[in-house]
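Below is the structure, and that's it, no one-letter string:
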């Protein structure tokens, strides 16, 4: 029997950074077996449109049983498990190809938003059990991270609605944070462990826990 696949995506560096912890983490897990599934780690370009073309290609080729997209949120101090993807591109800075859409839909005619189908509160609770700073986030922003989050949810809603999927933001790495006064960072090994936990929890937990406040730290 063919081994089921978990697809993890990260992003290339952007905004003047020389690395992106999401790319590092998914590459570190690429080829690993977690809970009986083979992990495929893919790094997407920080580019509106092109990122979704590459994502949809991976979905078709791999037919994953679980998809967790990840990205960098340098202003945050914890692992942020996103709740909602919105149908809006509104870039404060240009992407890596120079595009800077304002008030545009990710998918013309698509729903206003999609809920993550990951057990988001259970993931946060599992991370807290390992003393990893984490919380449920109510917004993935309106840059390429949300663009991919919404595009992912839309693609699966229309082609493979039983596949669980969602988005997790990672903070700066400790080395990155040292170059940004006042910023908080997290060791890369901790972020890799956090993604392992997120995968295992998403495959194991069929019904999310009900925790007031979304288990925010």
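Received the coordinates, thanks. Since we're looking at a predicted model, the values are computed, not measured. Numbers count the residues shown, from 1 in each chain.

What are the buried residues along the helix or strand containing residue 147?
Secondary structure assignment for residue 147, by DSSP states H and E: helix 144-159. Across helix 144-159, burial judged by 16 or more other C-beta atoms under 10 Å covers 144-156. Heads up, the C-betas are built off the backbone N, CA and C, glycines and all.

Could you list the low-pLDDT ranges of the protein?
Applying pLDDT under 70 to the chain flags residues 212-217.

ok but residue 135 is inside a strand, no?
Yes: according to DSSP: H, G, I helix; E, B strand; the rest coil, residue 135 belongs to a strand.

Hmm, residue 77 and it touching each other?
No: counting by C-beta atoms under 8 Å, residue 135 stays clear of residue 77, with 9.4 Å between them.

okay, these two: which has more neighbours?
Comparing residue 135 with residue 77 by other C-beta atoms under 10 Å, the one with more neighbours is residue 135, at 21 against 16.

Torsion angles phi and psi at the residue nearest to residue 30 when sequence neighbours are not counted?
Once flanking residues are discounted, residue 30 sits nearest to residue 41: 3.3 Å by C-beta to C-beta, 6 or more residues apart in numbering. Backbone torsions of residue 41, given as degrees, to the nearest 10, read phi -100, psi 120.

Residue 41: neighbour count?
Neighbours around residue 41, by other C-beta under 10 Å: 22.

Roughly how far does it sit from residue 206?
Noted for residue 41: a distance of 25 Å to residue 206, by C-beta to C-beta, to the nearest Å.

now residue 112
Distance from residue 112 to residue 206, by C-beta to C-beta: 27 Å.
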